[in-house]
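Undergrad: turn this into a structure:
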Amino acid sequence: MTVKLKRLYFTFFNFAVGFFSLAILIVLATFSSQKISTQLFQIHLKYLETQRYHAYINEIKTTSILLDNLQYHLSYTCDEQDITELEKISYYSPQIASIQLTTNSGKKCSDHRDISSLYLSPLKRISLDPQITLIANRKNNQSIIQYNKKLIGGSVIVDIVQQPTNALLENLPQNSWLQMIESNQTTLFTGDPKSAISKIFSNKNISSDIQNIIEPILTMSLNNKAWLKYYSTPTVINTYRAQIQPYLLLLLVLFTCALIFLCYRRYHSASIIKFLVENAIKQNHLIPYYQAIVDANKQQICGYEVLIRWETKKGKVILPDEFIPQCEANGVITPLTFQLINTVAKDIRKLEMLHHGKPLPYYFSINLSASVLQDPELVKITRNALLHYKVKAHNLAFELTERAPIKNIELASHVCQKLNDMGIQIKLDDVGNGYCDFLALQKLQATTIKIDKRFIDELDYNNKNTIVRSLVAFADKAEVEVVAEGVETIEQAECLLTMGVHYHQGFLYSKPQPFTKILKKYQSKDVI
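TA: The predicted structure follows:
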């Protein structure tokens, strides 16, 4: 049985580098790919056409409000006063191209003498809803939006002023595109249909089935009643690509500069951190804190985990999560660990001197990153520290942290074998929540596994935690010890004891403490 969960480390730097790298690839692909340029043109065109459509809707809403007010100023007789009112609202309302009143008695009047002369005959219209209709103008080269509103004594028909041509199409070559609006066998055009059709559709008759000739470059639904379609020649995409190339070049330069800047800042920051840590090592500002590991059955301390802290000159204590990942990334973790081994051996010797030089019944477990475990120098440094301070090997242990995978498991296994031969135990930290699996447990000849705090936290709410039980069951079969980290409540401790986990570590028993406090406890004999 294998239980393995991997940590995901996701930083702003990773996100930013991924984003800018992807952006650069997209820009380069747009430069080189006709298909991507076409898709970009379609997106751009659809966005602008949507904006135009909403602009028409807003003009209709404004007109409706004006007509609500106008209806109380009309006599509905189409006399001079009514015509004046119609001319007045048409003149002062920029969105109104023309307006026509039809009274309930059938009389008609407008701000033009012959409004019917504006439309194509026979009339071609597409209804979008009961009030909004599209009508072809006399030349059938524009689609007039007509708004029909019922008033007190009749009805009013308003032609909405044509919106400016889509800005994207204004700069394209003449007759290289054609707009069509289709619904119920009715087709309205925008542009010169004869010249556009001859350019785009190779002189095919306009009445031919246009769908069988060429696919539209864009199709949009208008109020689910009609379809707006755009057709274009290859010249359109080539012109569009030429137009956007300066902007793409600018984006490419900006994204590339941003990526270079991020990488430089990362490298520069890593260099600063490396310098600061190396300086802290020289000045002995990286010091060990000790957190007790307790046999909960006997209520006795059986060991300590060594936790590094960075104490600045101003007395501020920096926790390892803030600097250890950077130390591992830039290689400073190795000299830091080697110094820590010597410091811990020295502290053990000080405690032994209080016991009249007798070996301590406790072990002191030092965290090792994967890169340090794969360094053969680790064995030499450890042996020299034990000999120099006359410390027994069983007083020292190593915990393999799981922030990074072991790249060379065979080399790590060889180093662990030498450490085991010296009498030093290997433990796996945060099992179930990192890169190490149970194959590594065998390869590294570990004697203890430590259950990550996040699984212990769940015991307050679910005493049948399957992951913890699975880890305990495996440990029993593998004949290795289990230590539960992050035990903070009596309920958690009792639940772990019922599962057979006797070794606990956490704030319920002790917080990490500097060596001076541990020394005082030994001096007062208050250590059990």
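
Undergrad: where does the protein have low pLDDT?
TA: 1-13, 113-115, 190-214, 265-274, 278, 402-403, 432-440, 460-465, 525-528 (pLDDT under 70).

Undergrad: ok, 50 please
TA: 1-10, 195, 197-198, 200-213, 528 (pLDDT under 50).

Undergrad: what comes up buried for the longest strand along it?
TA: Ordering each strand of the chain by length in residues (DSSP state E) puts strand 300-311 first. With burial defined by 16 or more other C-beta atoms under 10 Å, the residues of strand 300-311 counted as buried are 301-311. No exception for glycine: its C-beta is placed from N, CA and C like everyone else's.

Undergrad: what's the following helix or strand after that strand?
TA: Moving toward the C-terminus from strand 300-311, the next helix or strand (DSSP states H and E) is strand 317-318.

Undergrad: packing partners for that following strand?
TA: Taking 3 or more C-beta pairs under 8 Å, 6 or more residues apart in numbering; DSSP states H and E as contact, the helices and strands that strand 317-318 lies on are strand 300-311.

Undergrad: in TSV: the buried residues of strand 300-311, plus distance to Thr133.
TA: Listed next are the buried residues of strand 300-311 as TSV, based on distance: C-beta to C-beta, whole Å:
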residue	distance to Thr133
Ile301	89
Cys302	88
Gly303	86
Tyr304	85
Glu305	80
Val306	83
Leu307	78
Ile308	78
Arg309	78
Trp310	76
Glu311	80
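
Undergrad: so which of the residues you listed comes closest to Tyr264?
TA: Of all those, Tyr264 sits closest to Trp310, with 25.5 Å by C-beta to C-beta.

Undergrad: my guess is that closest one meets Ile281, correct?
TA: No: with contact defined as C-beta atoms under 8 Å, Trp310 does not count as touching Ile281 (10.1 Å).

Undergrad: all helices for the stretch 401-528 of the chain, in order.
TA: Assigned by DSSP state H, counting those that start in this stretch, the helices in the stretch 401-528 of the chain fall at 409-422, 438-443, 453-457, 466-478, 490-499, 515-523.

Undergrad: no, scratch that, I was asking about the stretch 51-200 of the chain
TA: Counting by DSSP H, counting those that start in this stretch, the stretch 51-200 of the chain has helices at residues 80-92, 167-170, 193-200.

Undergrad: ok, for Leu441, nearest residue in space, not its chain neighbours?
TA: Leu428 (6.1 Å; C-beta to C-beta, 6 or more residues apart in numbering).

Undergrad: try Phe323
TA: Spatial nearest neighbour of Phe323, chain neighbours left out: Trp310 (6.0 Å); criterion: C-beta to C-beta, 6+ apart.

Undergrad: bridging residues for that neighbour?
TA: Leu286, Ile318 (DSSP bridges).

Undergrad: look up how far Gln95 lies from the residue nearest to Val431 when sequence neighbours are not counted.
TA: Closest residue to Val431 in three dimensions, ignoring its sequence neighbours and counting by C-beta to C-beta, 6+ apart: Ile449, at 4.3 Å. Distance of Ile449 to Gln95, given as C-beta to C-beta, to the nearest Å: 76 Å.

Undergrad: looking only at neighbour counts, state which of the two leads.
TA: More crowded of Ile449 and Gln95, by other C-beta atoms under 10 Å: Ile449, with 23 against 19.

Undergrad: who's in contact with that one?
TA: Ile449 is in contact with 427-428, 431, 441, 471, 475, 480-483, counting by C-beta atoms under 8 Å, 6 or more residues apart in numbering.

Undergrad: of those - the most surrounded one?
TA: Among the contacts of Ile449, the one with the most neighbours (other C-beta under 10 Å) is Val431, at 32 neighbours.

Undergrad: list the beta-bridge partners for that one.
TA: For Val431, the residues forming beta bridges with it (DSSP bridges) are Ile451.

Undergrad: could you measure from it over to Val472?
TA: Using C-beta to C-beta, Val431 is found at 11 Å from Val472.

Undergrad: hmm, Ser98 and Leu118 touching each other?
TA: Yes: contact criterion C-beta under 8 Å: Leu118 and Ser98 qualify, at 6.8 Å.

Undergrad: more neighbours: which of these two?
TA: Higher neighbour count among Leu118 and Ser98: Ser98, with 18 against 15, using other C-beta under 10 Å.

Undergrad: tell me the contacts of the closest residue to the more buried one other than its chain neighbours?
TA: Ranked by C-beta to C-beta, 6+ apart and with sequence neighbours excluded, the top spatial neighbour of Ser98 is Asp159, at 4.5 Å. Going by C-beta under 8 Å, 6+ apart, Asp159 touches 96-99, 118, 144-147.

Undergrad: now for these, which pair is the farthest apart?
TA: Farthest pair in these (C-beta to C-beta) is Leu118 and Tyr147. Separation: 14.7 Å.

Undergrad: tell me which residues touch Lys229, please.
TA: 179-182, 216, 218-220.

Undergrad: gap between the residue nearest to it when sequence neighbours are not counted and Glu85?
TA: Among residues not flanking Lys229 along the chain, Pro216 sits closest, at 4.1 Å (C-beta to C-beta, 6+ apart). Note on Pro216: its distance to Glu85, by C-beta to C-beta, is 43 Å.

Undergrad: all the helices of the stretch 251-400 of the chain, residue numbers only.
TA: Under DSSP H, counting those that start in this stretch, the stretch 251-400 of the chain gives helices at 324-330, 333-354, 370-373, 377-389.
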